[in-house]
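1. got a structure for you, letters missing:
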Ligand SMILES: CC(C)(COP(=O)(O)OP(=O)(O)OC[C@H]1O[C@@H](n2cnc3c(N)ncnc32)[C@H](O)[C@@H]1OP(=O)(O)O)[C@@H](O)C(=O)NCCC(=O)NCCS
């Protein structure tokens, strides 16, 4: 796919985008949370897409189709000015066209408007290319945690 053919648009997510985002999310192997929960439930995505002061959710369209998304939650209750970037994803065949960077920039712009100046992410330790992406975006790796889980 050549870049010339791609008309990229970054815009705020709408409720009607949830199905497309969900499909990308569940099919993307890198996004699996854990054994039980593969991705956000549609209801959660609808919550993200609803206009709320603590959610920031953008989608990327390429030639009119949704091919990527990013969302973050502003953690205001205990840490003013702090956001958790929950997921950034671009469909594999649309990667390396700058879409991830455009989504990240749109997210930062919106977060800064809302007086957020600190963003935290969780990186999957084995995803070297993703870690490289974030490193190049200026993220410094600090602590390493292990995701542990059980049924109760
Ligand atoms: C991480 C991710 C979102 C990046 O998306 P992307 O759209 O490929 O991002 P960009 O195109 O902006 O940048 C990726 C690379 O392409 C390069 N690039 C950007 N535009 C380019 C262009 N026009 N031509 C060639 N290369 C280009 C960038 O310099 C960058 O280079 P690098 O591989 O050396 O780091 C994507 O790989 C992904 O969805 N990964 C799986 C999900 C994931 O792990 N998400 C993070 C968890 S929160």
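-> Nice, I can see it. All values reported here derive from a predicted model rather than from experimental measurement. Numbering: from 1, shown residues only.
2. can you list the residues that contact the helix or strand containing residue 133?
-> In the assignment (DSSP states H and E), residue 133 maps to helix 128-136. By C-beta atoms under 8 Å, 6 or more residues apart in numbering, the residues outside helix 128-136 that reach it are 30, 100, 121, 123, 124, 125, 141. Quick note: C-beta positions are derived from backbone N, CA and C, even for glycine.
3. May I ask which two of these are separated the most?
-> Pairwise distances across these peak at 19.3 Å for 100 and 125 (criterion: C-beta to C-beta).
4. Of those two, which one has the most company?
-> Neighbours per residue (other C-beta atoms under 10 Å) separate residue 100 from residue 125, with residue 100 holding more: 21 against 12.
5. Check the contacts of helix 128-136 for burial and list the buried ones.
-> 100, 121 (16 or more other C-beta atoms under 10 Å).
6. how many other residues sit next to the closest residue to residue 18 other than its chain neighbours?
-> Residue nearest to residue 18 in three dimensions, not counting chain neighbours: residue 45, with 4.6 Å by C-beta to C-beta, 6 or more residues apart in numbering. Applying other C-beta under 10 Å, we find 22 other residues in the vicinity of residue 45.
7. who's in contact with residue 45?
-> 18, 21, 22, 25.
8. For it, what are phi and psi?
-> phi -60, psi -40 (degrees, to the nearest 10).
9. Run through the residues that contact the closest residue to the ligand within the chain.
-> Nearest residue of the chain to the ligand (C-beta to the nearest ligand atom) works out as residue 100 at 2.5 Å. Shown in contact with residue 100 (C-beta under 8 Å, 6+ apart): 68, 88, 90, 133.
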